[in-house]
Structure formats: structure tokens, C-alpha cells
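1. Turn this into a structure:
(chains A and B)
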Amino acid sequence: MTSAGFLLDGLWIALQPRNLLFCFIGCFWGSIVGVLPGLGPLAGMALLLPLTFSLDPTGAIIMLCGIFYGAMYGGSTTSILMRIPGEAASVVTCIDGYEMARKGRAGAALSIAAIGSFVGGVLSVIGLMLVAPRLADAMLAIGPAAEFTILLVALGISAFAATGPLLKTATMIALGLLLAMIGLDPLTATPRFTFGSLQLADGLSFAAMAIGLFGVSEILMSFGQTITERPKAPALREMLPNRRELKEAAMPTLRGSFIGFVFGIVPGVGHIVSTFASYAVEKSLSKRPEEFGQGAVAGVAGPETANNATTGAAMIPLLVLGIPAIPVTAVLLSALTIHGVQPGPLMIAQHPEIFWGLIASMLIGNLMLVVLNLPLVGLFVSMLRLPYGYLAPTILLICLIGVYSVKASSFDLGVMAAFGLLGYFLRLMKFDIAPLLLAFVLGDRLEINFRRALTISEGDYAIFLKGPAAQFAVVLAISVTIGVLFLRWRQSRGATP
Amino acid sequence: MPLSLPRWAAELAAGLMLAGTGAFFLIVGGRLPPPDEAGIPGPGTVPMLLGGFVAAMGVVSALRALIRRDTAPVEIAGGKQLVAIAGLLLGAAFFESAGFMLATFLFLLGGFIWLGGADWRRAAPAAALVAAGLWYLFTKLLGVGLPYGVIGEILFR
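-> Next up is the predicted model:
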């Protein structure tokens, strides 16, 4: 069967009333968590993760993905109306989106963001559809040595792409890998760092760590900020952009799709880098760069499109390589594993209904979000009018419930509180915590492949250089290292990337 | 009054904590059973390597902090952060024994008063309403199993 045939099958699966409902719930909840400061897509997905246990894997993954791209949509609302990014990827939208709102074009800015997000989302899903099956075929041929090197490259790239200093990021990766070692040794079942605790024998709970590091620490950080803006919802008739605005948004939308897709595939880079890159490109290509920062349409269309294009592309390393490129896809990996589906090169062949159902649902979900988000701006704005002092305890409570409901374990609540505190201090000290979580997720596989490769070679480290796949991975690692070091060197000299 | 430290002192503390964590994994990893064959990594090999790396990075960070002596202040925690952390720890400790309703009500009441600056007469009904609403949403509509505790047993069982 061709890709088009599989996609039709996927559409049939995604259009089942049950799956449509899951897609809607995911998109709606995603929009809410994207709007609310302190509840990003990661916490939003982790909170609903336990609810997916009773669903079939296809429905579960459709709902969780809906939260992911729904949050990307929702994040732009607060950026434009209040100059507060609902989640980190919407930071760039604050610059020109808010300026457009101040000039009375809030509705147009929201519409341009929604249209750009839709186009970026759809184009990236088409890219995912074209690239993923081919990459999966290539990946089937590799052994543990090459897999170890590829995982190492993924972590290396995330280290270079992180926002913090290299030394600190490398330390975070090592710490994440170390935390993954807690529990039973995957090859010999020897208890490691458990000190006789049964709760630790299974390892640290991913949900508790993720919600603590990202959800709780975000709330703790936000206490230091004051919100003075009172957002006002634009009337529905003000939502349509005029012809000039649409024309100005057209090319940035297409360029943003491409930039977002390319950055989305690279592990660890994710939404923040792609949106900043898109903004920089649009500013440098603009005939009126002085308008950027004053409400330029391209400054909203490009980054918002790139943001959502990254979402679709980030699925490629997850579904094809089993590597979560960003922390959010680590939650998806966790959800798929719970449902007995192992993402990787065999997934498309073994579970075509999940893969193609997901792709089709992403197309439908993106359309659903355009229809859903614009008329519901008023509702989202009224949520933002709630005083933060009331909102923060409620969000913290939802975090507690989310973590507890995974394993009904009070121990995990303590883990969440501890990691919330840790995340808060690490962020104060300018450590990037995303690589820590990525390393935690990949730690198991990295160690298993490292040890398996050395067992096969009887301790000969040259195995990591043998075979075309391993050599390709090593060449890729060296090229990426040189490339990123060069970019960092240019940045340190004050040149614009 | 927020607790603040000069950046070099905060960086030094962070470096030392990392060095301690790394040293812990290095030492405990060294006590794990050795590999069956020489040259092939055993259960403790990777943790020891990583622990050594983290310890070394921690020492480097601490030394850098001492050399640079950045005196810019870092606000470690204000009253609200401390209240939130204390609330979370208490919530974690009593979530099962007190039951969802009571633990949630007290957690929200404290949060609304100390974080939101609300008067207790407004905070109490709001906390009760949100606690009951969340209970209904999670247990009845979403089917999540939450601990009943004493109050839940009396009211809902």
C-alpha cells in the first residue's frame, strides 16, 4: 500500500466518533494549559496521562498529541493579549503580537497566529508522512553500537542547543542519566541506588519528575513576576485580518513552516530555537526591518508557524527512532510504552493504525483548533482574569492529583515536590532543565546499548567505529559538534546567527 | 523579606552540591557487583563514570564561582515560594491519610490566604467549592481513584 492509501486508512481511524472526541478533548485542554501561565503542554499531558490508561493506544496518543499542539496554539493568546507567553515557545510572539494588540489589531494578530499555526501544522504533518517511513527503513539495519552513538549524538545536540552554558548543560545531561540509573539494572536486575526501597526499585516516576521540574518550578518562578495587564477579548468581527495583513503574512508562513520542520527534527532544539530563528530570518529578509518590534505582521506569522511546524516534525525522532526530541515527546514516549507500543523503526510496520491514525488526527486537530480557538478567545481571556494567587494553588493541586493518579503513590508526590524544588533552584542558577529530562528518558537505552555493544565485541571499544551505520553516526556526531561550536563561537563574537 | 545571596555564593553552593551528588554515585556505584568478565561493563560501570563526571563538573563550577566572585544578588526564595513548597510537602505527606477532600481543602485554603492574599471568609468557601469540584471532576467524571480519608468515608461512602 502507498503512503496515500495508509493515510486514507488513518483518516478512517481518526474520524471514528470516539477518536474525534479524544482529539477534541486534547485540543481543548491543550488550549487551556497553553493559555494558563505555569501549565505548559508537558504538565498538561502528564496530568491527563493517567486518564489514557483505560483507552486504546490510538485514542490515547491522539488525545495526548492534541494537548501538545493545542498548547502551542493557546500559548499565543496570552502572548498577544498580555505580553505573557503561555508557554516558552510563544516568547517571540510577545514582541510584535502585543504591539499589534496595542494598535487595536489583537483580533488580526490572533487570526494570523491561528492560520500560521494551521498551515505550519499541516505542512509539517505532510513532511512527517513523507520522511518517517523512509527513515524507519534505514534505521532497521543498525545494531547496538550505532544506536548508542545515535543516542549520544541526540544528547550532544541537545546540549549544544540548550539555552544555558555548555558546562552546565553537560552536567545536567550527566545528572539526568544518573537519575535514570536508579532502580533495577536492566540487564542483570541488580538493585542500584534503591537502598532497599520498593518504590525506588521501579526507578523514579517520570510523571513526578516531569511535573515537578517543569510544572511546579514554573509556578515557583512566577511568584516573582507581577502581572499588571488586564486582558481584553477582541470582538469576533475584529478577528479577520485585512488584505494587506494577509499578504504580508503569506511568505513568512511558508518560510516558518520550513524552518520549524527542520528544527523540529533535530533533537533538543525544539520550539524556542525555531521561533527565534524564524523571527531572525523574517527580520533580515524584510524590506522594513524597523517595523519589527512595532507590530510587524511577519513577526507574528513566521514564529507562530514555525512553532507549530516544529510540533509535527518533533514526532519524527520519536516515532521513527524512539528518541524524544523535546521533553513533551518524552511524555508521549512514556504513554506509548505504557500501552505496550515501543516507538522505533518497527512501529510503522507493527502498529500502522497508531502511526497513520495519529498523522490523520493531527491534520483534523489542526483544523479543529482554528475553528475552536478564535471563537473561544473570550473564554480564555476570562480565565486569565482570575487572580494568580488563586490560580497558582489550584494549578499546584492539579499537579498533585496528576502525579498521584499515575500509581496512587504518596512517595511520588514527595518526588514531585523534591524535583519542583530542584527545578526551581536549577533555573535560578541558569541551568537548562530540559536536557536533564531528555537524558533521564534516554538513559536506560543508552546504557543497555553501550553494554550490549561491548559484550558483543568482548570489551573492544572499536565496535563503536565498525560498520557503515556506526561510522555514519560518528561522522554525524563530529560534524554536528564542529557546526555548533562554530555557531557558538560566532555568537560569542557578537555576530547574529 | 526574600532570601538572597551573592551569585558567587549561590554558584559555589550549587557546585558543591553537584560534586557531592556525583561523589555519592561514584562511591555507591563502586560497591555494586563487578562485571562477570573483565573489560565488559557491569551494573556499576556507567554510574561510576557519570558520577565521576558530575563530581568533576561540580568542582569546576565551585572553583569558577570562587575565582569570578560575581557579587550580583540572586533571590533564592521569597515568602510565597516557601509557602508553596511547605504546602506541597504537607500535601504530599497527608494526601492519603487525611484524604483528598480534607487535604485539598486545607491546601487551597492556605494557598488562597497566603499566596492570594484573600480574607479567610472568602477563601474558605472558594477552597471548599474548588475541592468539591475537583473531587467530582476527577473521581466521578474521569474515573481517577483518589484517597477518601475520614471525611470522604463519612460523606461519600
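
2. Please enumerate the helices of the stretch 101-250 of chain A.
-> A:106-139, A:144-161, A:166-180, A:198-201, A:206-210, A:217-222, A:243-265 (DSSP state H, counting those that start in this stretch).

3. Pick out the shakiest of the ones you listed, pLDDT-wise.
-> Mean pLDDT is lowest for helix A:144-161 out of the helices of the stretch 101-250 of chain A, coming in at a mean of 77.

4. what's the burial count for A:Ile182?
-> By other Cβ atoms under 10 Å in any protein chain shown, 21 other residues sit near A:Ile182. Heads up, the C-betas are built off the backbone N, CA and C, glycines and all.

5. isn't it right up against A:Leu204?
-> Yes. If you go by Cβ atoms under 8 Å, A:Ile182 and A:Leu204 touch, sitting 5.6 Å apart.

6. circling back: which stretch among the helices of the stretch 101-250 of chain A is buried most, on average?
-> Greatest average neighbour count among the helices of the stretch 101-250 of chain A goes to helix A:206-210 (a mean of 26), per mean count of other Cβ atoms under 10 Å in any protein chain shown.

7. ok, residues contacting it?
-> A:42-43, A:46, A:49-50, A:179, A:327, A:330-331, A:334, A:402-403, A:406, A:412-413, A:415-416, A:419, A:437, A:440-441 (Cβ atoms under 8 Å, 6 or more residues apart in numbering or on different chains).

8. Output the below-cut-off pLDDT ranges for the stretch 301-450 of chain A.
-> For the stretch 301-450 of chain A, no stretch has pLDDT under 70.

9. Sort out for me which of the contacts of helix A:206-210 are in helices.
-> Members of those lying in helices (criterion: DSSP state H): A:42-43, A:46, A:179, A:327, A:330-331, A:334, A:402-403, A:406, A:412-413, A:415-416, A:419, A:437, A:440-441.

10. Against chain B, which of these make the cut? List them.
-> The subset of the ones in helices among the contacts of helix A:206-210 within reach of chain B, by Cβ under 8 Å from any Cβ of the partner chain, is A:Leu413, A:Met416.

11. Got the phi and psi for B:Leu5?
-> Main-chain dihedrals, B:Leu5, degrees, to the nearest 10: phi -130, psi 150.

12. What parts of the stretch 51-200 of chain A come near chain B?
-> Residues of the stretch 51-200 of chain A lying near chain B (Cβ under 8 Å from any Cβ): A:51, A:54, A:167-168, A:170-171, A:174-175, A:177-178, A:181, A:185, A:187-188, A:190, A:192-193.

13. Got a quick PyMOL command for the buried subset of the contacts of helix A:206-210?
-> To isolate the buried ones among the contacts of helix A:206-210 in PyMOL, judged by 16 or more other Cβ atoms under 10 Å in any protein chain shown, type:
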select buried, chain A and resi 42+43+46+49+50+179+327+330+331+334+402+403+406+412+413+415+416+419+437+440+441
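
14. need the residues of the stretch 201-350 of chain A near chain B, please.
-> Within the stretch 201-350 of chain A, the positions adjacent to chain B are A:Val216, A:Ile219, A:Leu220, A:Phe223, A:Gly224 by Cβ under 8 Å from any Cβ.

15. Just want to check the distance between B:Leu26 and A:Leu42.
-> According to Cβ to Cβ, to the nearest Å, B:Leu26 and A:Leu42 sit 31 Å apart.

16. got it, and A:Phe431?
-> Taking Cβ to Cβ, one finds A:Phe431 at 17 Å from A:Leu42.

17. A:Ser31 too?
-> 15 Å.

18. where does chain B dip in pLDDT?
-> Low-confidence segments of chain B (pLDDT under 70): B:1-2, B:151-152, B:155-157.

19. Would you map the helices across it?
-> Applying DSSP H to chain B gives helices spanning B:7-30, B:45-68, B:79-98, B:100-110, B:120-135, B:149-156.
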